[in-house]
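Participant: Sequence and predicted structure are below.
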Amino acid sequence: SFGNDVCDEVLISDYLARKLFTSPAAAVGQQLVMSDEATPLTVMGVFSDARMLIPFLVNSSALVLRVRPAATERGNRYVVRTQNLDPTQATNMLKDALGALDPRRVLMVQPYKLEAARHVNVSGGLLATLGIIAVALAIVALVGNLAITAFLVQQRTRQVGIRRALGATPWDVVHYFMIENGLAVALGCVFGLAISIAYYFVFKSIFPDIHLSPWFFVFTAILFFVDGALATLIPALRAARIPPTVASRSL
């Protein structure tokens, strides 16, 4: 329990105790200075290691638990760690155990919800922002590829007309532009995939808890390749409708 008005007592994880004070036993009673506090905090206990599964969290095992607001003379606050228990089941067990000590006591048991933490909100907002940027980049890539392919088709009108005059079918014209643009898009995907993997390992060294499946990279590469193929398809179909007579008019 945390029993003073200023609430300068904290619990720290076993990992943090070993990092700062060499051992959990040596950590109890020591002073802990935090950047957002004007006065040192007293370590009142050490709990078993737990990990905060939050994206972009550097030290997921270096945890400090502090109850706010502080306990007063009207009541105490407790932190209870459970394992392999449903939150509702754990809440009922705590009410029964504490209520048996003093039936007149008013009990309020609230499970800790990680979803309500500020870190989760910040991480979720950052992930949403990155997702919006990724969608915007995909749209820009689609529009840019469409414009470039349309320009190349317009510049090769006479070339396409000659191919048609020599017996090329509309499918041959579409196939030509799809292969040409597909090779360029595939090359760009390979370079982009290499850069993305390099960035991933850089972020991994800073934020060890970031884990991405290789399928995310494969899916992204396939998505951009399909994006480029769709951008090429419309101008290629337009080029397939160029009649063979265009070659003679362009002479």
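Facilitator: That came through fine. Residues are numbered from 1 along each chain as shown.
Participant: Could you check how far residue 165 is from residue 152?
Facilitator: 20 Å (CB to CB, to the nearest Å). From N, CA and C alone the C-beta is placed, and that goes for glycine too.
Participant: helices or strands next to the host helix or strand of residue 225 in the packing?
Facilitator: Taking DSSP states H and E as the criterion, the element that holds residue 225 is helix 214-240. Helix 214-240 sits against helix 118-155, helix 170-206, with contacts defined as 3 or more CB pairs under 8 Å, 6 or more residues apart in numbering; DSSP states H and E.
Participant: got the angle between that helix and helix 170-206?
Facilitator: Counting by axes from the mean of the first three to the mean of the last three CA atoms, to 10 degrees, helix 214-240 lies at 150 degrees to helix 170-206.
Participant: What angle do helix 118-155 and helix 214-240 make with each other?
Facilitator: Angle of helix 214-240 versus helix 118-155, following the same axes, to 10 degrees, is 20 degrees.
Participant: What average pLDDT does helix 214-240 get?
Facilitator: For helix 214-240, mean pLDDT is 82.
Participant: and if you look at stretch 47-61?
Facilitator: Stretch 47-61 shows a mean pLDDT of 68.
Participant: With stretch 81-101 instead?
Facilitator: Across stretch 81-101, the per-residue pLDDT values average to 78.
Participant: how distant is it from the center of its chain?
Facilitator: The chain centroid and the centroid of stretch 81-101 are separated by 34 Å, computed with CA atoms, centre = their mean, to the nearest Å.
Participant: what residues does that stretch touch?
Facilitator: Stretch 81-101 is contacted from outside by 47, 48, 50, 80, 105, 107, 109, 111, using CB atoms under 8 Å, 6 or more residues apart in numbering.
Participant: Which pLDDT value goes with residue 68?
Facilitator: So residue 68 comes in at 64 (pLDDT).
Participant: scratch that, residue 153 is what I was asking about
Facilitator: Residue 153 is assigned a pLDDT of 77 by the prediction.
Participant: again with residue 117
Facilitator: Per-residue pLDDT puts residue 117 at 62.
Participant: bridging residues for residue 45?
Facilitator: Beta bridges link residue 45 to residue 11, judged by DSSP bridges.
Participant: Can you add mean neighbour count and give the helices and strands packed on helix 214-240 back as CSV?
Facilitator: Formatted as CSV, those follow (neighbours: other CB atoms under 10 Å):
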stretch, mean neighbour count
helix 118-155, 13
helix 170-206, 14
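Participant: could the ones you listed go into TSV alongside distance to residue 9?
Facilitator: Shown next, in TSV, are these (distance: least, CB to CB, whole Å):
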stretch	distance to residue 9
helix 118-155	21
helix 170-206	32
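Participant: Of all the ones you listed, which one is nearest residue 220?
Facilitator: Closest to residue 220 of the helices and strands packed on helix 214-240 is helix 170-206 (CB to CB; 7.2 Å).
Participant: can you give me the mean pLDDT across that closest one?
Facilitator: For helix 170-206, mean pLDDT is 84.
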